[in-house]
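K.L.:
Next comes the sequence, and after it the predicted model I'd like to discuss.
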Amino acid sequence: MFLIVAKYLIPKGYRGLVAFPFVFVKNRADKENVVFVNHEKIHLRQQLELLVIPFFIWYFIEYLFRLVQYKNADLAYRNISFEREAYANEKDLEYLKKRSFLKFLNYLDMYMTKN
């Protein structure tokens, strides 16, 4: 994992972006935030499991599906299965050691209304 501060690469309203093997953060302080970094490491694992490009295709398609479902961009983003897994487990710094393969599938609930 390469952790890089890239203030202008990160879209407005977001703090980080992962593109295996890189984690880009908007603010230097986030490099030291263990919960934030763990969230991004969960995304790295997800990308590895799906071989990176399929991850981004799935992410984008699921985002569009959620956007139609919720008619709210933030709610759509927070209900993407990848994000639901990362947010639910970001505080557990041991999570990746015990995480099973393709665990994000457990978070692929088509009828979630709130995260």
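P.N.:
Sure thing, it's come through.

K.L.:
what are the ranges of the strands in this structure?
P.N.:
Remark: strands of the chain, listed N- to C-terminal, are 2-5, 16-19, 22-25; assignment by DSSP state E.

K.L.:
Listing partners with orientation, what would you give for the last one?
P.N.:
Spelled out, it's strand 22-25. When pairing is defined by DSSP bridges, strand 22-25 lines up against strand 2-5 (parallel), strand 16-19 (antiparallel).

K.L.:
Residues in contact with the first one: which ones?
P.N.:
If I follow you right, that is strand 2-5. Residues external to strand 2-5 that are found in contact with it (CB atoms under 8 Å, 6 or more residues apart in numbering): 21, 22, 23, 24, 25, 26, 27, 28, 31, 37. Where C-beta positions appear, they are placed from N, C-alpha and C, glycine not excepted.

K.L.:
Among the residues you listed, pick out the one closest to residue 47, please.
P.N.:
If you rank those by distance to residue 47 using CB to CB, residue 21 comes first, at 8.9 Å.

K.L.:
Now do the buried residues in the helix ranked longest in the chain.
P.N.:
Once the chain is assigned using DSSP state H, the helix that runs over the most residues is helix 53-70. Going by neighbour count (16 or more other CB atoms under 10 Å), the buried part of helix 53-70 is 55, 58, 59, 62, 63, 66, 69, 70.
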